[in-house]
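In: only geometry, no sequence info:
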């Protein structure tokens, strides 16, 4: 389980983000005292840091720069200042990614997963109820049998695995595809879902991908 | 100022002086002086008078001519006193000092207004950034605790966010300095970014998206273009409703690269077309549903103008609206120095 440190001074946002990240299977530490940064972050030994830029005392840029002097831990900057100049500045201070407030829940989770994957900290494949999904190779396996997935099917499965146990709506699935520049419509999603189901059935997986009428899908 | 006009200004003085000369001449001849002598004395008096006036005229002419010439020549008339030397006669000095004082007080007034405007803009920026955090919290709260009202509440929160964003760009559009950053991007990147950003809205309204020939590079501030294209996308969704087809296409012209966004909505009536980009203008379509603020397209035009991107709206008779953004090629050359440093 990847460990995240969330540095955010707004109480409600901190609480809700922590709840969100924990729901999606991350271990999340959220310090409430911003004096001893960045040492306090390093003490947690995180796999990823989510960093707000406007903090009481030392600002996010300085924390990011000081963090970079001693550690290579990936940093995602969360900020409401989202001009081109702000973005360039964050990158020049060593941030790995940049998410503007307010953010979509799935976009935040997708960026988090992507940065973790890039830094090689996320396990390559994930297993849920005996079904193994390998996003890097784009394959799904069950009891020794394997099926190859198209790019869209892979995207759909990675969202479903990321949200294992939760219901994912069709809109969220489409949004996931849109975020990787596959601007599909409703019909295309239906086609993709049907193919994905058939592939899962072909390798002997039954009743894995369930439809919740009017709500979406879950695994 | 000609000598005659100068004399014209002195008519009372001339009248009294000539009267005096006439009276003296008559007095002298009345006292028994020779007629010629009386005429001569009066003539000397008048000649001396004219000589004195001529000298005065020459002294003042330089100042007044400079005043008139500079007033014609300069663009910002309030800078006039700075272009003149202090004159060496009392009236001129008074006039010059008054001009200087007036100019200075105007400078102060303008500077105060500018400062107030700049402060206000800074306040709006800060406020916008601050309000984004509670909006982000509210959105997360809704998503983390789903319920019956989640969907409509999320939609309203997104609307609030869009309006907040608009107020920030309005403040930016008023600013004199350039605070955008041109970078070399392809039309495709610009379009993808705006589609990703508005994915929720477009998916919910079941819009079909077409993209064509978007490999062309331009120089643009992606965040500004994001905002501009978002206005166009939300307009299309607002007016076309279900069954929206949104088309983004690129084209090359000798002087520029054109991005055209077109939809299959109801279009704009021809009589409204010339004014759709005016501030506060809500056309027939906008008024019928009382949904238009008359700010969206106006801001698009102003922001494009600042980046020197051409902005034009057309509505072909067959229906639909198509908006074109013309990116000049010359700015592409300047824009190259900000080569993308983003990791994507």
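Out: Ah, there it is. Not measured: the values here are computed from a predicted model. Numbering: from 1, shown residues only, chains lettered A, B, ... in the order given.

In: for the longest helix along chain A, give me every contacting residue.
Out: Ranked by residue count under DSSP state H, the longest helix found in chain A is helix A:186-202. With contacts defined as CB atoms under 8 Å, 6 or more residues apart in numbering or on different chains, helix A:186-202 is touched by A:131, A:140, A:142, A:145, A:147, A:149-150, A:152-153, A:156-157, A:170, A:173-174, A:177, A:184, A:208-209, A:217, B:206. Yep, even glycine has a C-beta here, placed from its N, CA and C like the rest.

In: for chain A, which residues are neighbours of chain B?
Out: A:10, A:12-13, A:16-17, A:19-20, A:23, A:54, A:80-85, A:87-88, A:91-92, A:96-97, A:101-105, A:171, A:174-175, A:178-179, A:181, A:183, A:185-186 (CB under 8 Å from any CB of the partner chain).

In: show me which of those residues are buried.
Out: Buried members of the residues of chain A next to chain B, counted by 16 or more other CB atoms under 10 Å in any protein chain shown: A:10, A:13, A:16-17, A:20, A:54, A:80-84, A:87-88, A:91, A:96-97, A:101-105, A:171, A:174-175, A:178-179, A:183.

In: and these, which of them are in strands?
Out: residue A:97 (DSSP state E).

In: inside helices: which ones of the buried ones among the residues of chain A next to chain B?
Out: Using DSSP H, those in helices are A:13, A:16-17, A:20, A:84, A:87-88, A:91, A:105, A:171, A:174-175, A:178-179.

In: identify the farthest-apart pair in those.
Out: A:88 and A:171 (32.5 Å; CB to CB).

In: can you list the domains in chain B?
Out: According to automatic domain parsing, chain B comprises the domains B:3-106, B:183-338.

In: for the stretch 101-250 of chain B, give me the ranges with low pLDDT.
Out: B:176 (pLDDT under 70).

In: for the closest residue to residue A:5 other than its chain neighbours, which three-state class applies?
Out: Take residue A:5 and drop its neighbours on the chain: the residue closest to it by CB to CB, 6 or more residues apart in numbering or on different chains is residue A:46, 4.2 Å away. Going by DSSP: H, G, I helix; E, B strand; the rest coil, the secondary structure assigned to residue A:46 is coil.

In: what pLDDT does residue A:46 get?
Out: Residue A:46 is assigned a predicted lDDT (pLDDT) of 91.

In: quick check: it touching residue A:73?
Out: Yes: the criterion here is CB atoms under 8 Å, and residue A:46 meets it with residue A:73 at 6.0 Å.

In: contact partners for residue A:45?
Out: Applying CB under 8 Å, 6+ apart, the residues contacting residue A:45 are residue A:3.

In: and the closest residue to residue B:82 other than its chain neighbours, how far is that from residue B:110?
Out: Spatially, and ignoring its direct neighbours in sequence, residue B:82 is nearest to residue B:103 (7.2 Å; CB to CB, 6+ apart). According to CB to CB, to the nearest Å, residue B:103 and residue B:110 sit 10 Å apart.

In: ok, these two, which is more surrounded?
Out: A count of neighbours by other CB atoms under 10 Å in any protein chain shown puts residue B:103 above the other of residue B:103 and residue B:110, at 16 against 11.

In: checking that one next. Helix, strand or coil?
Out: helix.

In: list the contacts of it.
Out: B:78-82.

In: one more: residue A:116?
Out: Per CB under 8 Å, 6+ apart, neighbours of residue A:116: A:2, A:47-48, A:74, A:122.

In: got it, and residue B:277?
Out: Contacts of residue B:277 (CB under 8 Å, 6+ apart): B:297-298, B:300-301, B:311, B:313.

In: thank you, goodbye.
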